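Chemist: Just the structure for this:
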Amino acid sequence: MYVRKLSLLSVILLTGILQLKAQISQTAVGLWLGNLVVNESVSIRLGFEVSEAKSGELQAIFHSLDQGAFDIPVKSTRLYTDSIFLNIEVLDAKFSGRFADSLNIAGIFAQRKGRGIDLTLTRVSEFPVKKPKRPQEPQRPYPYTEELVEVKIMEAEGVTLAGTLTIPQGEGPFPAVILISGSGPNDRDATIFGHKVFLVLADYLTRNGIAVLRADDRGANESTGDFHSADIVTLGNDVIALFYFLKNHNKICADKIGVLGHSLGANIAPVATVNENQIAFAVLLAGSAESLAAGMLEQSEIIYKQFGVSDAGIALNAKYLHAVFEIVRQDIDLENAKKQFYHFREDFEKELEVLSEEDLEILELKPPLSARIIREFMTPAMKKDLFMEPGDYLKLMKCPTLILNGDKDVQVPLRHLYLSHDLIMSNGNKQVTAK
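Modeler: Alright, predicted model coming up:
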């Protein structure tokens with residue numbers, strides 16, 4: 001009798017817990033709107049769209065409404081008794097908040113190395129800004145075959161890349177291309193600010209007779225593994241694994257498989273072609289011909305000028321980055337690197353006193369400066385990537401290569417187009433086109 005009562009009590013308790021969990025989950029489901037006050041003159045409306053997946057777990061997407069950036073994936077949505085945590089990994093941003101009631105969540109929004117900013121989310125029936133229509137996005141049914149694939153990386157335990165292979169109609173075999181995304185982790189569609197860049201590109205190429213394989217980066221969407229522990233050479237090896245998958249596919253022409261990389265992907269593509277000489281061709285979109293460290297310095301100057309930062313602010317930001325790079329470049333451990341950073345910080349923060357509050361806010365250099373940037377750059381993969389010279393691989397490329405850069409690109413200025421072209425040509429490769 002005692003056992004039966006205990007079992008009945010267990011069932012009641014379990015039922016109560018499940019009901020409570022369901023109630024809490026339903027409290028979070030819906031549209032949430034907040035106004036992020038960056039400074040006196042800048043505020044941005046942010047939105048979260050929380051829903052329940054088939055598994056019963058919560059999922060979410062993020063919108064930066066005033067920036068026109070929609071459908072940014074939220075990597076994880078964790079719900080507790082009276083609070084919620086949302087991790088927007090692709091933006092290195094997080095929101096952590098507590099339910100004030102069923103209509104409001106009071107919390108903190110933090111991004112990158114900056115300190116968190118108070119943000120209260122309010123439940124709304126609709127957002128004040130409508131999602132833009134994306135007429136360029138293809139709609140099913142497609143006039144070609146779509147295969148969901150998984151490729152296990154044999155050299156890395158626990159890493160499987162999930163992707164989509166689109167194959168033109170007809171008998172085949174077809175030429176094929178592997179799409180390589182930029183700084184990640186990215187999903188297979190290279191989704192950014194609501195644009196599914198690789199979905200649109202894959203659709204166009206497949207409709208024109210070229211099979212396309214696009215995969216989620218390590219740790220993104222349905223792929224396993226850890227993206228941040230993989231350097232550019234490792235990611236190049238992932239591309240080679242995808243190449244061999246295609247090479248063994250009966251609908252693919254084995255000697256007509258190439259790679260197309262965008263941004264950081266245009267640095268990964270040369271690594272793959274050099275380490276696997278069977279890759280038939282390469283397309284490099286907006287790729288840098290110089291190290292990531294040099295690129296960050298150049299990008300910062302161009303972008304901060306557009307944001308109206310003073311010349312003094314741009315110069316001090318460059319000094320800050322140079323100092324950080326020199327600390328990271330040394331063969332020292334994290335603790336010693338942090339000590340050097342704190343020593344540099346003592347005098348540098350005094351120099352920052354000449355800057356306006358607005359400059360400090362935009363540059364994210366408000367004292368006290370955090371050592372987080374040192375921790376991020378001191379990871380083995382990041383340390384390698386910061387100082388790796390893309391030119392070392394560009395000079396070794398032997399396959400036919402098309403290089404495309406935009407003349408309005410402020411992240412990768414046009415001079416990288418010509419520099420990449422000359423580096424590839426320097427090894428005697430005459431099959432190079434730059435536009």
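Chemist: Next up, the contacts around Pro270.
Modeler: Ala282, Leu284, Pro390, Tyr393, Leu394, Leu396, Met397 (CB atoms under 8 Å, 6 or more residues apart in numbering). (Each C-beta comes from the backbone N, C-alpha and C, glycine too.)
Chemist: Could you dump the residues you listed into JSON lines with neighbour count and distance to Val354 added?
Modeler: Formatted as JSON lines, these follow (neighbours: other CB atoms under 10 Å; distance: CB to CB, whole Å):
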{"residue": "Ala282", "neighbour count": "25", "distance to Val354": "47"}
{"residue": "Leu284", "neighbour count": "33", "distance to Val354": "41"}
{"residue": "Pro390", "neighbour count": "26", "distance to Val354": "36"}
{"residue": "Tyr393", "neighbour count": "23", "distance to Val354": "42"}
{"residue": "Leu394", "neighbour count": "29", "distance to Val354": "41"}
{"residue": "Leu396", "neighbour count": "17", "distance to Val354": "46"}
{"residue": "Met397", "neighbour count": "25", "distance to Val354": "46"}
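Chemist: Do a quick rundown of the helices in this protein.
Modeler: Per DSSP state H, the chain carries helices over the ranges 2-28, 197-207, 232-247, 265-275, 292-306, 311-329, 334-351, 357-363, 372-377, 380-387, 391-394, 415-425.
Chemist: Out of those, which is closest to Ile108?
Modeler: With CB to CB as the measure, helix 372-377 is the member of these nearest Ile108 (15.6 Å).
Chemist: Contacts for the closest one next, please.
Modeler: Here helix 372-377 makes contact (CB under 8 Å, 6+ apart) with Lys113, Val324, Phe325, Ile327, Val328, Leu334, Ala337, Lys338, Phe341, Met382, Lys383, Leu386.
Chemist: which residue sits closest to the residue most central in space within the chain, ignoring its sequence neighbours?
Modeler: When CA atoms, centre = their mean is applied to the chain, the residue found nearest the centroid is Gly184 (2.8 Å). Once flanking residues are discounted, Gly184 sits nearest to Asp217: 4.3 Å by CB to CB, 6 or more residues apart in numbering.
Chemist: do Thr273 as well
Modeler: Using CB to CB, 6+ apart, the nearest residue to Thr273 is Ile279, at 4.7 Å.
Chemist: wait, the one you found sits on Phe243?
Modeler: Yes - counting by CB atoms under 8 Å, Ile279 does reach Phe243; the two are 6.0 Å apart.
Chemist: Quick check: neighbours shared by these two?
Modeler: Ile257, Val259, Ala272.
Chemist: most surrounded residue in those residues?
Modeler: Neighbour tally across those (other CB atoms under 10 Å): the maximum, 32 neighbours, falls on Val259.
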